[in-house]
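[1] Would you be able to build a 3D model of this:
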Amino acid sequence: MTAKAAAPAAGSGRPADQPRRVLIVEDEKVFAKALRKRMARNGFVSECAGTLREAGEGLRAFAPDLVLLDMRLPDGSGLEFLQQLRERQEEDAAGIPVLVMSAYGEVEDAVEAMKLGAADYLKKPFDLNELQIHIERVLSRDEMRRRLDYSSARERRGAEREGLLGESPAMAAAREQLRNIARLTRGAEGPPPTVLLTGETGAGKDLAARLLHSLSARRESPFVHVDCAALPKDLIEAELFGHEKGAFTSAHVSRTGLIEASEDGALFLDEIGEVPLELQAKLLAVLERRAVRRVGSTRERPVASWFIAASNRDLMTMAGEGSFRSDLYYRLNVLNVRLPPLRERGDDILLLADHFAGRTARRYGLSSARFESGTRERLKDYHWPGNVRELRHMIERAVLLGNGVIDAAGLALPAAAGAGAAPPAAGAAPEAAPEAAAPPPSDAPPSDAPAAGNTLDAMERKLIADALERSEGNVSRAARELGVTRMTLRYRMQKHGLD
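    Residues are numbered from 1 along each chain as shown. Below is the predicted model of the structure:
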């Protein structure tokens, strides 16, 4: 293993091109010298300590990534060192992996060392090649742990910072439901009940799932987001359940599926209604038996994941039509949280608009944007078929192109549809409404004049056309690239004559 190969994960605090450091705590000088020579050959920087006191000083001055610890030292036992290490207040020091080296007859001490948090142990005498294998294993596990810790902390910070903003009664009720469900995870003997998040596209189901995980007792464990609509139909089974080597033509190695990867954390099945009918029975079996079988395997592996699902479609209606299994629906719908559409949230629209405007300005180093008179009323009157996601992208674009002012032209909103207007049917593009601007005077150019007079519309039309060309006409792929919903993109295509 070279130092570069052992580069730490994000969040470990050590630059990727800096060699890993090993503290060798061994009182036999000849053996310690041999260990240090082998460490140097494999790209590590090492220091030696012959006593517990020197080891303590080495921790402070040397800041090692790994400790090789002998159990018998002149001034005490390696167990004392482990105990002191785990009681240190510095989080980085307390988390340093320790590889114990025990002599014949010290098995009990080695077992006790593992209980105190040692990463592994080797029985003397051992081959230096064997030592190298153990070091690689320990550092690999530690790197994975740091990665998961860093990712989990980043997820929590994002969920806590973003939250589910809003002061409307509907949003307050949804947040309270999520808090109550999160409390169920504390002290639970097994996996918590499955949760189904429902609501229109862009209402915040993804954010609700992340917030639910961050509030739960499982917040230190992985959160795995599976976008069922984005998984290729011919690979979705292998992605979810994993596969063994040789299970199909391109299965050159065994692979862990996303269900297994969630371990004892949370598995978020976004757009669960897109899972093919033939795989729904297999997913139901995982939920019922709490075990998963990889493609091409005869062995079942236990599953401790917390299953959270979401859909913007009416799964009960789909079950009645035969496109979604009713038994899977009832198995998922143990706890249900409905995320209200934006049009039902009143002044939350303005609160979110201010939030997105401020966040965009800070991200790009721009001055704070102000809303022109009448613009905020337009925001409240619009029916928001794309919900919070549509509002976010619309405000971001207006801030970036508005030179400090957000006006009706910058938002490019259709005419007011009324806050209480019914949303368009799922999967259908809303009818294009006339622009709210006053009709042109009689001597003005006709409405189908070139878009050169409307820079924002021309830019939007070009962005959509380019995205459709890159996606070879695939509307779903183009929508993902542009960061909008399929329904919103279809509406914009209709508006610009790109059908």
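
[2] When you work out contacts or count neighbours from here on, use the C-alpha atoms and nothing else.
    Fine.

[3] Tell me the first helix or strand C-terminal of the helix-or-strand element of the chain with minimal mean pLDDT.
    Here the helix or strand of the chain ranked lowest by mean pLDDT, DSSP states H and E is helix 91-94, holding a mean of 55. Going down the chain from helix 91-94, the next helix or strand is strand 98-102, by DSSP states H and E.

[4] so the helix or strand following that following strand versus strand 98-102, what angle?
    Using DSSP H and E, the helix or strand that follows strand 98-102 in sequence is helix 107-115. With axes from the mean of the first three to the mean of the last three CA atoms, to 10 degrees applied, the angle from helix 107-115 to strand 98-102 works out at 180 degrees.

[5] Which strands and helices lie in contact with helix 107-115?
    helix 78-87, strand 98-102, strand 120-123 (3 or more CA pairs under 8 Å, 6 or more residues apart in numbering; DSSP states H and E).

[6] Quick check: mean pLDDT of it?
    If you average the pLDDT over helix 107-115, you get 76.

[7] May I have it exported as PDB, CA atoms only?
    Provided in PDB are the C-alpha atoms of helix 107-115 (Å, rounded to 0.1, in the frame of the first residue of the first chain):
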ATOM      1  CA  VAL A 107      -5.200 -13.700  24.200                       C
ATOM      2  CA  GLU A 108      -7.400 -12.500  27.100                       C
ATOM      3  CA  ASP A 109      -5.700  -9.100  26.900                       C
ATOM      4  CA  ALA A 110      -6.300  -9.000  23.200                       C
ATOM      5  CA  VAL A 111     -10.000  -9.800  23.600                       C
ATOM      6  CA  GLU A 112     -10.200  -7.000  26.300                       C
ATOM      7  CA  ALA A 113      -8.400  -4.600  23.900                       C
ATOM      8  CA  MET A 114     -11.000  -5.300  21.300                       C
ATOM      9  CA  LYS A 115     -13.800  -4.500  23.800                       C
END
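
[8] which residues are in contact with that helix?
    71, 79, 82, 100, 102, 120, 121 (CA atoms under 8 Å, 6 or more residues apart in numbering).

[9] What pLDDT does the model give residue 317?
    94.

[10] scratch that, residue 27
    At residue 27, pLDDT is 88.

[11] for it, helix, strand, or coil?
    Three-state assignment for residue 27 (DSSP: H, G, I helix; E, B strand; the rest coil): coil.

[12] Quick check: phi and psi at it.
    Dihedral pair for residue 27: phi -90, psi -10, per degrees, to the nearest 10.

[13] Kindly report the same for the one 5 residues further on.
    With angles defined as degrees, to the nearest 10, residue 32 shows backbone torsions of phi -60, psi -40.

[14] Give the burial count for it, as a bare number.
    By other CA atoms under 10 Å, 19 other residues sit near residue 32.

[15] separation between the nearest residue to it once chain neighbours are set aside and residue 49?
    Take residue 32 and drop its neighbours on the chain: the residue closest to it by CA to CA, 6 or more residues apart in numbering is residue 26, 5.8 Å away. According to CA to CA, to the nearest Å, residue 26 and residue 49 sit 6 Å apart.

[16] and what of residue 382?
    Distance from residue 382 to residue 49, by CA to CA: 70 Å.

[17] same thing with residue 137?
    Distance, residue 137 to residue 49, by CA to CA: 23 Å.

[18] between the two, who's got more neighbours?
    Each of residue 137 and residue 49 has its neighbours counted (other CA under 10 Å); residue 49 has more, 19 against 14.

[19] What ranges in the chain fall below the confidence cut-off?
    Residue ranges of the chain with pLDDT under 70: 1-17, 88-94, 104-107, 144-163, 415-456.

[20] Let me see the contact set for residue 166.
    By CA under 8 Å, 6+ apart, the contact list for residue 166 reads 172, 345, 348, 351, 352.

[21] List buried members of those by neighbour count.
    345, 348, 352 (16 or more other CA atoms under 10 Å).

[22] just to confirm, which helix or strand has residue 301 in it?
    Counting by DSSP H and E, residue 301 is found in strand 300-302.

[23] which outside residues touch the helix or strand just after that strand?
    Sequence order places strand 306-311 as the next helix or strand after strand 300-302, per DSSP H and E. Applying CA under 8 Å, 6+ apart, the contact partners of strand 306-311 are 191-200, 205-206, 209, 264-273, 332.

[24] Please name every helix or strand in contact with whichever helix or strand comes after strand 306-311.
    Beyond strand 306-311 in the direction of the C-terminus, DSSP H and E gives the next helix or strand as helix 315-321. With contacts taken as 3+ CA pairs under 8 Å, 6+ apart, helix 315-321 sits against helix 326-332.

[25] Going by neighbour count, list what's buried in the helix it packs on.
    326, 328, 329, 331, 332.

[26] And for stretch 271-279?
    Neighbour counts over stretch 271-279 (16+ other CA under 10 Å) mark 271, 272, 273, 274, 275 as buried.

[27] Going along the chain, name the strands of the stretch 101-250 of the chain.
    Taking DSSP state E, counting those that start in this stretch as the test, the strands found in the stretch 101-250 of the chain are 120-123, 195-198, 223-227.

[28] what sits against residue 352?
    By CA under 8 Å, 6+ apart, the neighbours of residue 352 are 165, 166, 392.

[29] Tell me the spacing between it and residue 388.
    Remark: distance between residue 352 and residue 388 (CA to CA) = 8 Å.

[30] Identify the residues contacting stretch 462-482?
    So stretch 462-482 is in contact with 485, 486, 489, 490, 493, 498, going by CA under 8 Å, 6+ apart.

[31] Same list (those) but as TSV, adding neighbour count.
    Listed next are those as TSV, based on neighbours: other CA atoms under 10 Å:
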residue	neighbour count
485	21
486	20
489	21
490	20
493	19
498	13
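
[32] Pick out whichever of those residues sits closest to residue 30.
    residue 485 (67.3 Å; CA to CA).

[33] So which residues of the stretch 251-400 of the chain form helices?
    258-261, 277-289, 315-321, 326-332, 348-363, 375-381, 387-401 (DSSP state H, counting those that start in this stretch).
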